[in-house]
Structures are given as C-alpha cells and as structure tokens.
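Chemist: Prediction below, plus the sequence it came from.
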Amino acid sequence: MCAGVAHRSFHFTITALKVDRGRGLSASNHRSREDSWFKSLFVRKVDPRKDAHSHLLTKNEESNLYKIQFHNVKPECLDAYNQLCEETLPSIHNDKYYPCELVGTWNTWYGEQDQAVHMWRYRGGYPALTEVMSKLRQNKEFMKYREERGKMLLSRRNQLLLEFSFWNEPIPRKGPNIYELRSYQARAIGYRQHNSEAVGGFFSQIGNLYMVHHLWAYKDLEAREATRNAAWQHEGWDEVVYYTVPLIQHMDSRIMIPMKASPLQ
C-alpha cells in the first residue's frame, strides 16, 4: 500500500478513536461497531431485522456448506503425509455413498510452512456434513488414515464456511496453477474478475468468526503480480482500498501448490 493511503487510513482511525472517547461509548456500542464491520464486508446491505446474514449473502436456501482444514505437519513427515492424503481423500471424493466433494487440497508454498490445506464441499448443508461424519466413523480405512495422520501433525484446525452469492462455485480446474488464499474486503471483488483468476469466496459460520476467505488461481507468481497491479488501472479500485483498510483487523495470505489428488490443479 502506498504511504499516502496508509497515512490517511491511520488519520481516519485515530480521529474515529478520539470521537469514540469523547462520547464515552459503552461496551454494547463496541459490539455494534463489530457488527457494522462485518456487514461492511459485503456489497449488499444487510438488514438483520429481516433475516440472518447467512441467508442474505448465500446463493439460495440450499447453499453448499464448505469445510476448510489447516494441518500443520511435522517437517520430516510432509512427504509421507502427502502420500497418505493422495491415497485416501480421492476415494471419499469419488464414492457416491458420501454426499461430499473434495474441492481442492494444497501444500502452502509461501506463508505458514509445512502446512496442508484441504477444502470439502457438502451438497445439502449441515445434514450432509452430519451424514458424512457419521459414515466416516464406520469406515475402517478412514479411521486408520486418521490414526496415521495424527502421528504426523503438530496441530490442526478447521472452519465451516458458506459461499458468497456473487462468487463462482469452485469447479475442477486444469493446471498448472498456483493458488492464493487470502482474507480481505468483499466489495473489492468487482475489480478482480477480468482474467478468470477468481475461484471461490466464503465466509465463516463456525470456527474463527468474522472471517472471509477468497481463493484465487494464477499461472505463476509473475501472473499474480501483473493481475494485482492491473487492478489499480480500474476506476474505483483506489477508493475501495482507502475505505476498506480501516475495517481490516487481520489479513493473511497463503500461496499454495495443489497436491496430485486435488481437483483444482
């Protein structure tokens, strides 16, 4: 970000804080600001008195449910972990007995090292998730996979996500590509749809809340840089950056390489 934008964002934030102190805002007002921050991430205005955020932001009442998993692997076990995943995950993806699909599976290239990221789609929402979890507990091969996997991990976490109504649904993609997973303001999406780099957009329902994930595909790091630089040539992009920077509490970016078994290559 250029210094001028950063300075204006900092001045905006400091001024807002001074006003808040002058008015003596209560804890309840602080929660209201958090709600406003969450609603400001989206293009459409959301009226909480009419419906839940998730119903207004997703494609329809039967929108897909997604699960994203972050596995931090022991460095010496990464190759064995990848092989184990490649032997097990496609069998679940291809088995019609399980109402779920493997969207993509990656190793983090830049970001958190020795990390694997998996994304699953559950067509049918929470009932499909419950059905899959119940069936997998009866799957001896999968339970053996979990046992072996557990020996290779340092930590793991996951989130349940819904997809934005204004994003494409992630579909299998031919490679080679690199993928970037990042969290930033959704109102910027309109300026980044010109080269088919947008793969999917999601917001968290369970896990770390107030989280937005955007998934992008690029041929390489040079293509990523060119695409991001080109966004500044579109009218309105600088305004988007100026107004969204004060809303961001935390931003994280991962550059990921697909595993052999990933439908997104």
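Modeler: Everything's here; your move. Residues are numbered from 1 along each chain as shown.
Chemist: Flag the shaky bits of the stretch 1-150 of the chain, pLDDT-wise.
Modeler: 1-62 (pLDDT under 70).
Chemist: ok, now with 50
Modeler: 1-28, 30, 33-52, 56 (pLDDT under 50).
Chemist: What ranges does the stretch 101-250 of the chain have for its helices?
Modeler: 126-136, 140-150, 221-230, 237-244 (DSSP state H, counting those that start in this stretch).
Chemist: and the angle for the first one with helix 140-150?
Modeler: Between helix 126-136 and helix 140-150, the angle formed by their directions is 90 degrees, by axes from the mean of the first three to the mean of the last three Cα atoms, to 10 degrees.
Chemist: What lies in contact with helix 126-136?
Modeler: 65, 67, 92, 97-100, 122, 124, 142-143, 160 (Cβ atoms under 8 Å, 6 or more residues apart in numbering). C-beta coordinates here come from the backbone N, C-alpha and C atoms, glycine included.
Chemist: who wins for proximity to residue 85 among the helices of the stretch 101-250 of the chain?
Modeler: helix 140-150 (8.0 Å; Cβ to Cβ).
Chemist: Summarise which helices and strands the closest one is packed against.
Modeler: Under the contact criterion of 3 or more Cβ pairs under 8 Å, 6 or more residues apart in numbering; DSSP states H and E, helix 140-150 touches helix 78-94.
Chemist: now for the helix it packs on, which elements pack on it?
Modeler: strand 101-110, strand 115-122, helix 140-150.
Chemist: how about that helix as CSV, C-alpha atoms only?
Modeler: This file holds the C-alpha atoms of helix 78-94, laid out as CSV (Å, rounded to 0.1, in the frame of the first residue of the first chain):
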residue,chain,number,x,y,z
LEU,A,78,5.4,-33.9,4.9
ASP,A,79,6.1,-36.3,2.0
ALA,A,80,4.6,-39.2,3.9
TYR,A,81,1.6,-37.1,4.8
ASN,A,82,1.0,-36.0,1.2
GLN,A,83,1.2,-39.6,0.0
LEU,A,84,-1.3,-40.7,2.7
CYS,A,85,-3.7,-38.0,1.7
GLU,A,86,-3.4,-38.9,-2.0
GLU,A,87,-4.2,-42.5,-1.2
THR,A,88,-7.2,-41.7,0.9
LEU,A,89,-9.0,-38.5,0.1
PRO,A,90,-9.9,-39.3,-3.6
SER,A,91,-11.6,-42.5,-2.5
ILE,A,92,-14.0,-40.5,-0.4
HIS,A,93,-14.4,-37.8,-3.1
ASN,A,94,-15.3,-40.5,-5.8
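Chemist: Going forward, the N-terminal residue is numbered 150.
Modeler: Okay, residue one is now 150; in that scheme the one you just asked about reads as helix 227-243.
Chemist: Flag every buried residue along that helix.
Modeler: By neighbour count on 16 or more other Cβ atoms under 10 Å, the buried set for helix 227-243 is 227, 230-231, 233-234, 237-239, 241-242.
Chemist: Could you do stretch 213-223 as well?
Modeler: Under the neighbour-count criterion of 16+ other Cβ under 10 Å, stretch 213-223 has 213-217, 219-222 buried.
Chemist: Thanks again, I'm all set now.
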